[in-house]
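Participant: Coordinates only, no sequence provided:
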């Protein structure tokens, strides 16, 4: 089998490539050059490309670099900026997976004649026995719960899952590093990448966004509309945020319950005020691993990469455009507009069934 391996320059994708070589496949490595600006996050840097190339040399496989900087800026960076301008909280890593790795790169893999695209994600793809009449592909959590990345892959459907491989999905991180050490791979002890690849630590989110959009100061008010302070940039405030919101008159911490960019207003309340019992997922953003869920289906929701799964019921909202309503069994921390909500099977909580973006 011919397999194109997305090699980020990290240990997971290095071992993914090594495992496929060991299994006797014809393997070629590919690194995406996505961000043309400076980066210090351990992702998308010149050093990462070099690490990927050196590992490919160690494994005796060809290695290519695909320049997708224009597409990355158009499909990931620009929407990231636009969402903040609207007072929403985007997840650029999910959008990168959606539009870069499992759209542009997967398409290129097909055109180059590869049978599969492999990555170093900690997730698993399984398939029901087609002899039993069910040939559905399933996306499942990785074996290492602490490193599971099924959340950031939750937008994948049958077409992509039928063509991808996650070779390290059945391994723990310690096992991955041990395998890399045994092979003497230069990435064996390399730290995991952190944060958003196109934002440097020195500039932070505010520094990056201020160079691409205008930021506006805003008033902070309590639930009764009484003045409660101010913020430097309303576009940087997230629903559920506690940092920088101070304390109420009773000394309790305040949390953001609503962000209104156009009115330049941030509303805060107590921890109890910030809890939510349901979240609406915008219909255009919904994706399904197999098929849409009927109303009333029980599920498990996860609202961040390492968030705590919460029992819920999936319902149709009362909006005319067919939005989905996820009603939690118990009040949860607020889900900021723009956040992705991944849905898992209530009967099999390791299996992703779909995802959507909070309206």
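Facilitator: Sure, I can see it. Quick caveat: nothing in here was measured; it's all calculated off a predicted structure. Numbering: from 1, shown residues only.
Participant: drop to CA atoms for contacts and neighbour counts, all remaining ones
Facilitator: Fine.
Participant: ok, residue 120 touching residue 170?
Facilitator: No. Using CA atoms under 8 Å, residue 120 is not in contact with residue 170, being 11.1 Å away.
Participant: which of these two has more neighbours?
Facilitator: residue 120 (23 against 17; other CA atoms under 10 Å).
Participant: who's in contact with that one?
Facilitator: Contacts for residue 120 (CA atoms under 8 Å, 6 or more residues apart in numbering) come out as 6-7, 12-16, 166-169.
Participant: Reformat the residues you listed as JSON lines; add pLDDT and neighbour count.
Facilitator: JSON lines is the format used below for the contacts of residue 120 (pLDDT from 0 to 100; neighbours: other CA atoms under 10 Å):
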{"residue": "6", "pLDDT": "98", "neighbour count": "26"}
{"residue": "7", "pLDDT": "97", "neighbour count": "31"}
{"residue": "12", "pLDDT": "98", "neighbour count": "27"}
{"residue": "13", "pLDDT": "98", "neighbour count": "27"}
{"residue": "14", "pLDDT": "98", "neighbour count": "31"}
{"residue": "15", "pLDDT": "98", "neighbour count": "28"}
{"residue": "16", "pLDDT": "98", "neighbour count": "24"}
{"residue": "166", "pLDDT": "98", "neighbour count": "20"}
{"residue": "167", "pLDDT": "98", "neighbour count": "23"}
{"residue": "168", "pLDDT": "98", "neighbour count": "27"}
{"residue": "169", "pLDDT": "98", "neighbour count": "27"}
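Participant: Filter the residues you listed down to just the ones in strands.
Facilitator: Among these, the ones falling in strands (DSSP state E) are residue 6.
Participant: residues in contact with residue 66?
Facilitator: Per CA under 8 Å, 6+ apart, neighbours of residue 66: 30-33.
Participant: Give me the below-cutoff pLDDT ranges for this structure.
Facilitator: Applying pLDDT under 70 to the chain picks out residues 38-44, 129-134, 320.
Participant: domain ranges for it?
Facilitator: Following automatic domain parsing, one gets these domains for the chain: 2-183, 215-274, 276-357.
Participant: and the contacts of residue 120, which of them are in helices?
Facilitator: 12-16 (DSSP state H).
Participant: Show me what the longest helix along the chain is packed against.
Facilitator: The helix that spans the most residues within the chain, counting by DSSP H, is helix 46-59. For helix 46-59, the contact count by 3 or more CA pairs under 8 Å, 6 or more residues apart in numbering; DSSP states H and E identifies helix 11-22, strand 26-33, strand 62-67 as packing neighbours.
Participant: Could you rerun that using 7 Å?
Facilitator: Helix 46-59 sits against strand 62-67, with contacts defined as 3 or more CA pairs under 7 Å, 6 or more residues apart in numbering; DSSP states H and E.
Participant: What residues of the strand it packs on count as buried?
Facilitator: 63-64 (16 or more other CA atoms under 10 Å).
Participant: Just the angle for it relative to strand 26-33, thanks.
Facilitator: Angle, strand 62-67 to strand 26-33, by axes from the mean of the first three to the mean of the last three CA atoms, to 10 degrees: 30 degrees.
Participant: For the closest residue to residue 277 other than its chain neighbours, give me its contacts.
Facilitator: Distances taken as CA to CA, 6 or more residues apart in numbering put residue 331 closest to residue 277, at 4.6 Å, once the chain neighbours are dropped. Residues in contact with residue 331 (CA atoms under 7 Å, 6 or more residues apart in numbering) are 275-277.
Participant: Mark which of these are part of strands, please.
Facilitator: Going by DSSP E, the strands hold 276-277 from the contacts of residue 331.
Participant: By neighbours, which of the contacts of residue 331 wins?
Facilitator: For the contacts of residue 331, neighbours tallied by other CA under 10 Å; top is residue 275, 18 neighbours.
Participant: What is the burial count for residue 252?
Facilitator: 12.
Participant: Residue 269 versus that one, what's the distance?
Facilitator: 10 Å (CA to CA, to the nearest Å).
Participant: Stretch 99-118 spans what distance, first to last residue?
Facilitator: 16 Å.
Participant: Next, the buried residues of it.
Facilitator: Buried residues in stretch 99-118, counted by 16+ other CA under 10 Å: 99-102, 105-106, 108-109, 114, 116-118.
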